[in-house]
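# Predicted model and sequence follow; I will ask about them next.
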Amino acid sequence: MLSQTNTSSIRSWALTIAGCLVSALGLAQPGPGPNEKAMQETRDIAAAMLKELGQTLQTAMANGGPENAIGVCKTQAPEIAQNLSSKYQVQVARVGTRARNPVMGVANEWQSQALKQFESRLARGDKPYDIEFVQLTKSGAYDLELRYAKPIVLQPMCTACHGSPDQISPEVKAKLEQLYPNDKAVNYKPGELRGAVVVTRILSH
Ligand code: HEC
């Protein structure tokens, strides 16, 4: 009981600090200012990406197993990201703590920073849906770049393609080896951080 009280008071304390930082950066303004609206929209975009991806993958797995679903991860995941990017005029992608796709799945500097923060917060017992990364940097003379990330945690169904060698069928293994000769995205365990959905956008003034 005591520890729960402590945790929640620490959490509200941390939220207050985070809130101060956010308002200092001009994200939170009294009333729904443009930046606050952009922040909420960005959260919704990341959530939509996770939801659509999860549903598409689940359907493909149910319809034809992991062998069939490889195509979903290869072509539909970038398509979903592309559609959201053009719809909202942002850049949506997903990156891995260890990447399978060496072109699209590798984290850049701020994304690696986000992944590190996620690792330590998950290790502390924080829940993935409570965790997010927000960073604002200057972009050019007048604009700001908003960088947002949300954790992707491995679920049991993901082990068919990201788990240990005995969890991946020989057929899937062969296909993965052929498509991704430098695959690093294996040997993950359920609950482990797999990567992040990342959203980048320019906030014009
Ligand atoms: C059917 C096999 C399969 C399953 C099941 C699967 N993935 Fe993947 N995953 C892939 C493939 C293939 C890629 C590379 C896609 C590409 O070419 O961009 C990938 C890429 C990723 C990436 C992008 C980073 C990288 O490594 O390139 C993340 C994040 C990811 N998967 C998370 C998950 C999560 C979380 C689950 C479970 C909910 C999951 N995957 C289930 C096959 C799978």
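Right, received. Where do you want to start? Numbers count the residues shown, from 1 in each chain.
# so A196 touches K150, yeah?
Yes. Between A196 and K150 a contact is recorded at 6.3 Å, counting by CB atoms under 8 Å. C-betas here are computed from N, CA, C, even on glycine.
# Now do the shared contacts for the two.
F133 (CB atoms under 8 Å, 6 or more residues apart in numbering).
# In terms of neighbours, single out the busier of those two.
A196 (27 against 23; other CB atoms under 10 Å).
# Tell me the buried residues in stretch 41-57?
For stretch 41-57, a neighbour-count test (16 or more other CB atoms under 10 Å) marks T42, I45, A46, A48, M49, L50, E52, L53, T56, L57 as buried.
# Quick one: those residues as JSON lines, columns for secondary structure too.
JSON lines is the format used below for the buried residues of stretch 41-57 (DSSP: H, G, I helix; E, B strand; the rest coil):
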{"residue": "T42", "secondary structure": "helix"}
{"residue": "I45", "secondary structure": "helix"}
{"residue": "A46", "secondary structure": "helix"}
{"residue": "A48", "secondary structure": "helix"}
{"residue": "M49", "secondary structure": "helix"}
{"residue": "L50", "secondary structure": "helix"}
{"residue": "E52", "secondary structure": "helix"}
{"residue": "L53", "secondary structure": "helix"}
{"residue": "T56", "secondary structure": "helix"}
{"residue": "L57", "secondary structure": "helix"}
